[in-house]
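Participant: one predicted model, sequence on top.
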Amino acid sequence: MTKFGELIKSNAPTLIDFYSGKDKEFDGIHSVLRDVAEALGDNARIVKIDILKNDSLATALRIKGNTTFIIYKKGEMKWRQTGMQDANTLISLVKQYI
């Protein structure tokens, strides 16, 4: 959890995709996140966390569904949504916190 706390303290918004490596949608979301990262550049951080490998974190954050996206800025959760999102939607959401 300490590393996670450091991760979300950034002044730049951090978009985290909580996913399951066994999820069929994983390959599709990978390309979406690549597009988001390219569009936002150094203005934001994009992170993927496998909930199967980070069970205690997923439990602490009450993440039950795949894919769950959360945006943090300065350690505070700004937005959260479970379910697939397209790149343009994610880019627009993250830009609100830049």
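Facilitator: Yep, it's here. All values derive from a computational prediction rather than experimental measurement. Numbers count the residues shown, from 1 in each chain.

Participant: where does the chain dip in pLDDT?
Facilitator: With pLDDT under 70 as the threshold, the chain has low-confidence stretches at 1-2, 23-28.

Participant: and the residue nearest the centre of it?
Facilitator: Centrality entry for the chain: nearest residue to the mean C-alpha point is residue 16, 1.5 Å, by C-alpha atoms, centre = their mean.

Participant: got a list of contacts for the helix or strand residue 15 falls within?
Facilitator: Using DSSP states H and E, residue 15 falls within strand 14-19. With contact meaning C-beta atoms under 8 Å, 6 or more residues apart in numbering, strand 14-19 is reached by 7-8, 26, 29, 33, 36, 44-51, 58, 61, 63, 66-73, 90, 93-94. Backbone N, C-alpha and C define where each C-beta goes, glycine included.

Participant: ok, of these, which come out buried?
Facilitator: 8, 26, 29, 33, 36, 44-46, 49-51, 58, 61, 63, 66-73, 90, 93-94 (16 or more other C-beta atoms under 10 Å).

Participant: quick one: list the elements packing against the top helix by length along the chain.
Facilitator: Assignment by DSSP state H gives helix 26-40 as the longest helix of the chain. Helix 26-40 sits against strand 14-19, strand 45-50, helix 87-95, with contacts defined as 3 or more C-beta pairs under 8 Å, 6 or more residues apart in numbering; DSSP states H and E.

Participant: show me the one of the ones you listed that comes nearest residue 80.
Facilitator: Of all those, it is strand 14-19 that lies closest to residue 80, at 9.7 Å by C-beta to C-beta.

Participant: any idea of the angle that closest one forms with strand 45-50?
Facilitator: 20 degrees (axes from the mean of the first three to the mean of the last three C-alpha atoms, to 10 degrees).

Participant: from the chain's centroid, how far away is strand 14-19?
Facilitator: Centroid displacement of strand 14-19 relative to its chain, using C-alpha atoms, centre = their mean, to the nearest Å, is 1 Å.

Participant: residue 95 touches residue 40, doesn't it?
Facilitator: Yes - between residue 95 and residue 40 a contact is recorded at 7.5 Å, counting by C-beta atoms under 8 Å.
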